[in-house]
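Asker: output the structure for:
(2 chains)
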Amino acid sequence: MFPIFEAQWLAPKVRKLVVHAPRVASHHKPGHFVIVRCEDNGERIPLTIADSDAKAGTITLVVQIVGATTERLCSLCTGETLLDVAGPLGKPTEIETFGHVVLVGGGVGTAVIYPQAGALKAMGNRLTAVIGGRSKPYVILEKELAAICDAVHPCTDDGSYGFHGFVTGKLESLIREAAPPIDMVLTAGPVPMMRAVAEVTRERGIRTIASLNPIMVDGTGMCGGCRVTVGGKQRFACVDGPEFDAHQVDFRELTDRLTAYRDQERAVWERYRLDPQHVCRLEAAEKELQTRGDE
Amino acid sequence: MKPADRMKIPRQHMPEQEPQTRAHNFREVNLGMATEAARTEAQRCLRCKGAKCVAGCPVGVDIAGFVEAVAEGDLPRAADILYAANVLPGITGRVCPQETQCEQVCVRAGKGSPVAVGYLERFVADWAREHRRELFTPLPPTGKRVAIVGSGPAGLTCAGELAKLGHGVTVFEALHRPGGVLVYGIPEFRLPKRIVDEEVQKLREMGVKIECNVVIGQTYTIHELMNDEGFDAVFIANGAGLPVFQGIPGEHLKGVYSANEYLTRVNLMGAWKGDETPTPVVKSTRVVVVGGGNTAMDAVRTARRLGAEPATLVYRRSRQEMPARVEEVKHAEEEDVVFEMLVNPIEILGGQDGWVSGVRCIRQELGEPDASGRRRPVPIAGSEFELPCEVFIEAIGTRANPLLTQTTPELKLNKWGNIEVDKSRMTSMRGVFAGGDIVRGGATVILAMGDGKTAAAGIHSYLTHAQG
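Answerer: Residues are numbered from 1 along each chain as shown, chains lettered A, B, ... in the order given. Take a look at the predicted model:
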């Protein structure tokens, strides 16, 4: 069992869980993920480790509600437990002195770039973060990134905060104006966003690494469900990735494969929502979000 | 009873669910023999000199001895003999390819049918489990600690053997449930998970610790186990791992699975239970599986139970070359699985929606023998045809999982990435042993168990002598 030491909303439908998993915490490097199960018969879902504290033995997970299992995870509170946390999994991010690195995070993808930022800064890189969200409440970890990066540019689709527009718009202007010029881009977020980022940097020849989020079951290379095509070759995101050269990734294929279980997942979610115990838990957790908003 | 009388007894049947019933449920196909039938079957054993069956067993079970005990109706003695050599007989009695091992060398195999050693093994194991018989009394603790990587058949066997000898054993399992291929791969209808759970529980009662969610190579390296976590020896049995895909066009399509993924979703994640579990699997009317081994049989029969009609098995060689257990092939046929032999898929076809719509195949004929001694299939020009399907499953083998070996560069590997070991199963690292599929590539449960047993003896000798 893995106790939750802290649970709080970062944004609407986005919850931060600080989980006691000492073995994972002491081995975590940026880019790693874990596979989590919250209850018996539950699904195994991959989540990137957003932060860790080896001393306290904790890892931080940032979860967005997109289906039954993530909704269940987000209804968990401080003092409750996760049934299974396996990891750290995947290959760590390549951390070197690259020069000027731009980190592009969208939505909960910002939680992926956060640990990368810390490690890259320690290697003496100049860091610019571009983080996006639908509107102001959806932009997460800005303060935390500001403490590490040389510049942070929040972006919102509706213009309610920071740059009005997509992260790619901001990225394009940075590429035009950046001094020193950009040596590398790391990106994590929704697939269409990462795909657009790759298109922007491709023509300028800026090396770009994307953190992919395909469907996964075991996370240890055993099932091959997470296969992606990179540079025309079949790769398994769980053991060969999850980070790949964004210019080589077949994003169209990834987008399509992510829809494989859409109908079944929706049905599970609908059934799940009929469970009164669950509804009451989620309402309690949501009330907490409102209280936070009122402050 | 005289040998002539024994010779007169016909081989007893294993009661099984009716094919048309079982093709639509996940309950075990074989129902187990009644006590009287088992005793009669055991009396068929001629007690021949040399008992070749024992040499035919990868874990050296005293088959002649336990069969004789069954014939005499002394089941406690039968159980003691069986468990002395095999800590997981409830499992091997169900999944061993007896027809190429003990039963193949049985003297009665020549004249009619061999003694049903597999059925009897299962019978005794089930009896012992139901009667909660105390089977092992571990020796006093040695103070030595052994880490075992993986809780599949090799790992569990090694754990049991070492625990018997008084060593402290911790098994690390990457998944959330112990059993390895026994729980993620082999379906419920062939090996009920209850059996695996009970065998695992028995090991726990002997003092074996099992820790799930620990991925050796990631959560801990082998070095950390030896240097920081205080283990005196390690046994690596993390399995074959990565599924091989054929490399034909269309493998990215939705509805294409490796057998590993399909079976994991259905078995480990419980997708066969339908609405009870959230992990989905694509259920469809037409399923094509490619492969000829037990995994292919498991996949195609699972598809059948999830409603596939037809569930078709495509194999590039002929029926005789199929590596699957004879009983599985027979069961599959009875369940109306369609066999397309000497057929190779060359392209997976898909629609605009990104879903599989069929598979393009080519017919083949057998040519000259290849390196494996089997006649090589040669494509017949112009024989291409299409099999329509919504799900296509590849069960053509696995390759070595690099997760552990890539963080342990000292481990000597062969060109396929499998770990090299000596006779005692020791690797190129002192005190580190390995066995099962990570050494052999894709093999069987019993060969993995044989490795676990051999490694346990090697580890015991290392801990008592070599380590000093």
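
Asker: count the neighbours of the closest residue to chain A within the stretch 1-150 of chain B for me.
Answerer: Closest to chain A within the stretch 1-150 of chain B is B:Gly150: 10.6 Å, counting by Cβ to the nearest Cβ. The way it works is simple: take the backbone N, C-alpha and C, and place the C-beta from them, glycine included. Around B:Gly150 there are 32 other residues, counting by other Cβ atoms under 10 Å in any protein chain shown.

Asker: quick check: it vs B:Val183, distance?
Answerer: For B:Gly150, the distance to B:Val183 equals 12 Å [Cβ to Cβ, to the nearest Å].

Asker: quick check, the residue of the stretch 1-150 of chain B closest to chain A in contact with B:Gly241.
Answerer: No - distance between B:Gly150 and B:Gly241: 10.1 Å, which falls outside the contact criterion (Cβ atoms under 8 Å).

Asker: so what sits against both of the two?
Answerer: Counting by Cβ atoms under 8 Å, 6 or more residues apart in numbering or on different chains, the shared contacts of B:Gly150 and B:Gly241 are B:Ile438.

Asker: get me the contact residues on the stretch 101-250 of chain A for chain B.
Answerer: Proximity of the stretch 101-250 of chain A to chain B (Cβ under 8 Å from any Cβ of the partner chain) is limited to residues A:217-218, A:220-225, A:227, A:229, A:234, A:236, A:239, A:250.

Asker: quick one, what contacts the most centrally placed residue in chain A?
Answerer: For chain A, the residue nearest the mean C-alpha position is A:Gly109 (3.3 Å; Cα atoms, centre = their mean). Shown in contact with A:Gly109 (Cβ under 8 Å, 6+ apart): A:187-190, A:193-194, A:211.

Asker: mind checking pLDDT for it?
Answerer: At A:Gly109, the model reports a pLDDT of 96.

Asker: just the buried residues of the residues of the stretch 101-250 of chain A next to chain B.
Answerer: Among these, those classed as buried by 16 or more other Cβ atoms under 10 Å in any protein chain shown are A:217-218, A:220-225, A:227, A:229, A:236, A:239, A:250.

Asker: please, which helix or strand holds the nearest residue in space to B:Arg363 that is not next to it in sequence?
Answerer: Of all residues not flanking B:Arg363 in the chain, B:Ser383 sits nearest, at 3.8 Å (Cβ to Cβ, 6 or more residues apart in numbering or on different chains). Counting by DSSP states H and E, no helix or strand carries B:Ser383.

Asker: one more: A:Thr48?
Answerer: Going by DSSP H and E, A:Thr48 is in strand A:45-53.

Asker: just checking: what are the partner strands of that strand?
Answerer: strand A:33-37 (antiparallel), strand A:58-64 (antiparallel) (DSSP bridges).

Asker: any residues touching the last one, and which ones?
Answerer: This points to strand A:58-64. Strand A:58-64 has contacts (Cβ under 8 Å, 6+ apart) with A:5, A:10, A:13-22, A:24-25, A:28, A:34, A:36, A:47-53, A:70, A:73-74, A:85, A:107-108, A:111, A:140.

Asker: out of those, which end up buried?
Answerer: The buried subset of those (16+ other Cβ under 10 Å) comprises A:5, A:10, A:13-22, A:24-25, A:28, A:34, A:36, A:47-52, A:70, A:73-74, A:85, A:107-108, A:111, A:140.

Asker: looking at these, which are in helices?
Answerer: Counting by DSSP state H, those place A:22, A:24-25, A:70, A:73-74, A:111 in helices.
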